[in-house]
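Peer 1: Sequence and predicted model, in that order:
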Amino acid sequence: MTTTFSSLPVVDVGPLGSPAGASEAELTALSKRLYDVFATTGFAYLVNVPLSYNHEEVFAMSKEFFSMPQEEKMKLAKRSFRRDHTNTYRGYFPTQPELASDNLKEGFEMGPAKPIRTKSIVSPSSKFDLAEPNVWPDGDKLPARPRLETLYIELQALASKLLSLLAVSLGKPTDYFAPYLEDSLSTLRLLHYPSVASAASGSGSATSEAKLSCTPHTDSGILTLLHQDSTGGLEVRNSSGEWVPAPYIPESLVVNIGDLMAKVSGGRFVATMHRVRAPGLRPSAAAMDGQQDGSQAIGRISVPFFFEPGENCLVRSVDGDEGFVLYGEHVRAKMKTWVEFQDDN
Ligand SMILES: O=C(O)CCC(=O)C(=O)O
Ligand SMILES: [Fe+2]
């Protein structure tokens, strides 16, 4: 159950990156702490994360992608946006102002670099191939590619460590979720929310009418690890229905529980609703000078990593008292609600 929190907790995961390895006592403490935050807010900041790239480096990778000419980005567009393309799930989606002005974002999605071995037993006839390979710009148009692939691997490793701590917190062995990692379909998503003229800047009060760039939703998978820039705008709903801002904390990752993990945990963990306010136009060039990462100049940049199992993964509650669902079925049902997967047929 979500509680009436008014800010998000901060969890120090430093021990996970310690060269000597974390002690048993540290792991036990971390496991308990994660249980507490995921059972209450469902959202937290992780600090001292074991990743090779800092925020500046991660956002530079993302900006490198979005500053490519639109024509280059459209070469990577998913089939929903370019009928002659074969990629359906990985690749680029442009903004769709006509379809959803409160979901104004463009994005690029990549999955594992390693090919997926197992064939889907879920929906062989589906128009989305979740296991398809990544698509990349030709030649040297995106020098950040190898760094993005490394970031993906490191986020997958971090998420896997968190998952084994969650297994223990739920009274299971550390490797309880190992089958979830087989042919895992996690997605690293680069997101750009353009500035919107009518938006109030940053996070406003709960009472003011919010102009949104991402409508209220819960995430679908196990957990999400989010890099957000310093623009602001992410808000998380508490049990009283209030939107609580999740402001920028330098070098932190925002972590939250997805629907799948809420189900697997037997309802102990909560998949909390969240949304993103539209970034306002910068008032003047001077304001941009003061913005170290230049984020106001281009809107908001965020990089969520959606930690997800393989398509054929059998998902059931740790209590073993409910039915089960194949992950591929679960995610395809959820995709029908996502604007970037809306289709006209
Ligand atoms: O951009 C953000 O801060 C959040 C994005 C998000 O919630 C999502 O893509 O699921
Ligand atoms: Fe989300």
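Peer 2: Yes, it's here. Ligands and ions are numbered 1, 2, ... in the order given.

Peer 1: For the stretch 201-345 of the chain, what lies in contact range of ligand 1?
Peer 2: 214, 219, 226, 228, 234, 274, 276, 302, 304 (C-beta under 6 Å from any ligand atom). C-beta here means a position set from N, CA and C on the backbone, and glycine is covered the same way.

Peer 1: pretty sure the fourth one contacts residue 254?
Peer 2: Yes. The pair residue 228 / residue 254 is scored as a contact, 6.2 Å apart, by C-beta atoms under 8 Å.

Peer 1: The two: which has the busier surroundings?
Peer 2: Legend: neighbour count by other C-beta atoms under 10 Å for residue 228 and residue 254, higher for residue 228 (25 against 22).

Peer 1: which residues does the more buried one bridge with?
Peer 2: Residue 228 has the following beta-bridge partners by DSSP bridges: residue 302.

Peer 1: Against residue 72, how distant is it?
Peer 2: According to C-beta to C-beta, to the nearest Å, residue 228 stands 25 Å off from residue 72.

Peer 1: can you check residue 182 too?
Peer 2: Going from residue 182 to residue 72 by C-beta to C-beta gives 35 Å.

Peer 1: next one: residue 174
Peer 2: When C-beta to C-beta is the yardstick, residue 174 and residue 72 sit 44 Å from each other.

Peer 1: Please apply the same query to residue 332.
Peer 2: The separation that residue 332 has from residue 72, given C-beta to C-beta, amounts to 30 Å.

Peer 1: quick revisit: so which of the residues of the stretch 201-345 of the chain next to ligand 1 wins on neighbours?
Peer 2: Highest neighbour count within these: residue 276, with 28 neighbours (other C-beta under 10 Å).

Peer 1: Which of the three states applies to that residue?
Peer 2: Three-state call for residue 276 (DSSP: H, G, I helix; E, B strand; the rest coil): strand.

Peer 1: That one - nearest residue in space that isn't next to it in sequence?
Peer 2: Spatially, and ignoring its direct neighbours in sequence, residue 276 is nearest to residue 214 (3.7 Å; C-beta to C-beta, 6 or more residues apart in numbering).

Peer 1: can you confirm that neighbour is in a helix?
Peer 2: No. Assignment of residue 214 by three-state DSSP gives strand, placing it outside any helix.

Peer 1: Please tell me how far the nearest residue to residue 317 once chain neighbours are set aside sits from residue 330.
Peer 2: Nearest residue to residue 317, sequence neighbours excluded (C-beta to C-beta, 6+ apart): residue 266, at 4.4 Å. Residue 266 is 16 Å from residue 330, where distance means C-beta to C-beta.

Peer 1: ok, these two, which is more surrounded?
Peer 2: Neighbour comparison, residue 266 and residue 330: the larger count goes to residue 330, with 22 against 15 (by other C-beta under 10 Å).

Peer 1: Neighbours of residue 252, how many?
Peer 2: Neighbours of residue 252 (other C-beta under 10 Å): 21.
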